[in-house]
Every structure is written in C-alpha cells, then in structure tokens.
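1. Show me the folded form of this:
(one chain, ligands or ions: 1)
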Amino acid sequence: MAPQLAWIGLGNMGRGICKNLVAKGNLDKPLILHNRTKARAEELSARLGSDKTQVVDSVRDAVKSADIVFICLGDDPAVYAAVDEILQEDVRGKLIVDCSTVHPDTTESLEQRITAQGADFVGMPVFGAPPVAEAGGLICVTAGRREAVEKVRPYTKGVMARENIEFVDQSASKATLLKVIGNTFVLQMVEALAEGHTLAEKTGLGVENLHRWIEVLFPGPYAAYSSRMLAGDYYQREEPLFQVDLARKDAGHALDLARKSGTRLPAVEVGDAHLVKVKEHLGKKGDLPSIYGAVRQESGLKFENRD
Ligand SMILES: NC(=O)c1ccc[n+]([C@@H]2O[C@H](COP(=O)([O-])OP(=O)(O)OC[C@H]3O[C@@H](n4cnc5c(N)ncnc54)[C@H](OP(=O)(O)O)[C@@H]3O)[C@@H](O)[C@H]2O)c1
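-> Below you'll find the model as predicted:
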C-alpha cells in the first residue's frame, strides 16, 4: 500500500508539484491538501480531481492521517508556525519533508524538534521556477537519514523532478545550505543579464544581438531569463514567478551565512540592493528579473523597456 501523502502550501511552487504528484506519484489514496487561503486548495482540487485530492481546513487535519507530510511555504516564520501545529499531533513514525527555501539554521532547528518527537525529517528544497515545477522538471536536493531519503525518493525524480541531488545520512541543513548558496548563482546570473542588456542598449550593440549570443553560449536559464527581460515580462506579470520578497529572503540568508562564516559576497550585496529598488518600483508584483528595470533606471533609461 502506498503511503498517505499530505501537502501544506499551495503557492506557485506547491500547485505545480502537486499536479505531478497526483499524475505520476502512484498514489492509491487522495492527496491531502492544505493551504492558508483555502480557495487556492479548492481550486487546485477541482482542477486535479476531487477523487484524487482531499482539501482539509487545518495543518493538524493534514497531518492526522498522513504518513508523509510535505511543507512548501514562503519563509522561515511560516514554516516554523506550520511545524508548531504539526507537532501538536502524534507524529511518531511519520516523515516530514520541508521543500521551502529556509535558512540552514532553521532546518537544523526543525530537524531537532521533529526527530525529538519520534518523526523523521528530510530537508528538500528545490531548484526551478514555477513553470518548471508545473512541468515536473525540478531539481530536488534531499538530505537526511538514509531511510528517510529513500522514502521520499519515489516522489522526486520522474515525478516532480528531472534530477535529484541526495546528501544521504547528512544533516538536513546541508540541503538548504546548497539551496541558499545555489540561489546566489541565480541572483548573479540575473544581475549579469540586466547589466549586459543595459550596456548593449546604450552602446548600440542592441539587446537582440546580445540575446543571440546568450542563446548560443548559455542556453537554459540564462537564455530563458534573457527572453523574459526583452519581452517586458519582468514588469508586466500580475503574479511574479520569483517574488521580490522571496528573492530578498534568499539573498538575506546568503548574506547572513557569509557574515557568520567570515566570507564576503559583494555580488550578492549588489543584487540585493537592486531588489530593494524593484520593491520600491513594483511593490509585491516585483520579480527577480525586474532587476533589469532597476539597472536600466540607474543608467538613465526607463524601468520599463516596452512602454
Ligand atoms: N518561486 C520560485 O521560483 C521558487 C523556486 C524554488 C523554491 N522556491 C521556494 O519555495 C517556497 C514557496 O515558493 P512559492 O513561489 O510557491 O511562494 P508563493 O507563491 O508566494 O506561495 C507561498 C505559500 O506559502 C503560504 N504562506 C506564506 N506565508 C504564510 C504564513 N505566514 N502562514 C501560512 N502560510 C503561508 C502561502 O499561502 P497563501 O496562499 O495563503 O498566501 C502560499 O501557500 C519558498 O520558500 C520559495 O523560496 C520558490
């Protein structure tokens, strides 16, 4: 019999992942869904099939009959609050998996609290934007006890992910360390694209010419972010794909790790300062690639490239 799964957090990432769990996860019971804003859970349930999903009102209700509980929430305080609720239930023998991007210290503290109450814990942040989650193409980073990592494996590569990176019998916080350090690469990629396109426009090379080179030399995420910038997608979206507050949270975690370990991350500081400007200009609609608008403004161009 397949384990009973529950999913807490149906934001941009959670919704796409749940679609793939239902379609390819070989579940023999409905996937239990919980979200703070219940309407989102109900909409998803209607889309995926009410026979394949079950919406519940509270975190505790999600945990009661589940064997494996996945969490995918915005930030550290939200994850702490969810785990507080989870631990009000008898969790002995259950497995809790956190897919959120949180500070490694948070992961360490959650691991201690959860395992002290007889449950297992796996840190499993993911790489890939919401459309990648929807397409089942994420990279899952899993860390924890071998038995726990093995229990979660059937739902990763081939279901929600195209690849797994596993840190077996290592602290769960190794997964979030990789995630936070990995996201500094993403921030720097976006910063490089923003600066390059601005320079290409101002020197007369032209952004399309630079884009052609990016496509040839850096296909994949560089080319995808470049396309979004040139199309004006970085300021036109109602719902951002990598919301500015989440991007700043990740940069903040990286800068904190740097401070504590005696490392300097000047490139991350620059990217984060641009994210502050993005928030000022676009508010909650600010997205990671909106950094392009901030760099354009600093160079005397309009934030928006298409208006
Ligand atoms: N977006 C990306 O490109 C990306 C990629 C990889 C990893 N991640 C990480 O994955 C996680 C989820 O990201 P996302 O893009 O899905 O974020 P999102 O669309 O902003 O969704 C956030 C989710 O967290 C819930 N939430 C936020 N604060 C809460 C609180 N205080 N109490 C209860 N629930 C709360 C939201 O509930 P409501 O629906 O009620 O607001 C929603 O379900 C984040 O940790 C993010 O850093 C994101």
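
2. how about D120, phi and psi?
-> phi -100, psi 160 (degrees, to the nearest 10).

3. Which residue comes closest to it once chain neighbours are left out?
-> The spatially closest residue to D120, leaving aside those adjacent along the chain, is A148, at 4.1 Å (CB to CB, 6 or more residues apart in numbering). No exception for glycine: its C-beta is placed from N, CA and C like everyone else's.

4. I figured that neighbour hits V122, correct?
-> Yes. With contact defined as CB atoms under 8 Å, A148 reaches V122; the gap is 4.9 Å.

5. Between the two, point out the one with more neighbours.
-> Neighbours per residue (other CB atoms under 10 Å) separate A148 from V122, with V122 holding more: 29 against 23.

6. how close does whichever residue of the stretch 1-150 of the chain sits closest to the ligand get to A41?
-> Nearest to the ligand in the stretch 1-150 of the chain, going by CB to the nearest ligand atom, is G11, at a distance of 1.8 Å. Look at G11 and A41: by CB to CB, to the nearest Å, they are 11 Å apart.

7. now do D105
-> Relative to A41, D105 is positioned 30 Å away (CB to CB).

8. So for stretch 20-31, what gets flagged as buried?
-> Neighbour counts over stretch 20-31 (16 or more other CB atoms under 10 Å) mark 20-22, 25, 27, 30-31 as buried.

9. picking that back up, neighbour count for D105 and A41, which is higher?
-> Legend: neighbour count by other CB under 10 Å for D105 and A41, higher for A41 (27 against 15).

10. Quick check: that one is in a helix.
-> Yes. Assignment of A41 by DSSP: H, G, I helix; E, B strand; the rest coil places it within a helix.

11. My guess is it contacts H34. True?
-> Yes. Judged on CB under 8 Å, A41 makes contact with H34 at a distance of 6.4 Å.

12. what residues are shared contacts of those two?
-> The contact sets of A41 and H34 overlap at V55 (CB atoms under 8 Å, 6 or more residues apart in numbering).

13. For V159, give me its contacts.
-> Neighbouring residues of V159 by CB under 8 Å, 6+ apart: 20-21, 24-25, 136.

14. you'd agree it is in a strand?
-> No. According to three-state DSSP, V159 belongs to no strand; its state is coil.

15. so how far is C72 from it?
-> V159 is 15 Å from C72, by CB to CB.

16. hmm, back to that, from L95, how far off is the residue nearest to D120?
-> 6 Å.

17. likewise I17?
-> From I17 to L95 the distance is 16 Å (CB to CB).

18. Comparing those two, which shows the higher neighbour count?
-> Using other CB under 10 Å as the criterion, I17 and L95 rank with I17 on top: 29 against 24.

19. which ones are touching the more buried one?
-> Applying CB under 8 Å, 6+ apart to I17 gives the contacts 7, 70, 72, 99, 126, 133, 138, 160.

20. If we use 7 Å, what do you get?
-> 72, 133, 160 (CB atoms under 7 Å, 6 or more residues apart in numbering).

21. Residue numbers of the stretch 101-250 of the chain in contact with the ligand?
-> Residues of the stretch 101-250 of the chain lying close to the ligand (CB under 6 Å from any ligand atom) are 101, 126, 129-130, 241-243, 246.

22. This structure - how does it break down into domains?
-> The record's domain parsing of the chain by automatic domain parsing lists 5-171, 178-298.

23. Can you tell me which of those is most buried?
-> The highest mean neighbour count among those, using mean count of other CB atoms under 10 Å, belongs to domain 5-171: a mean of 20.
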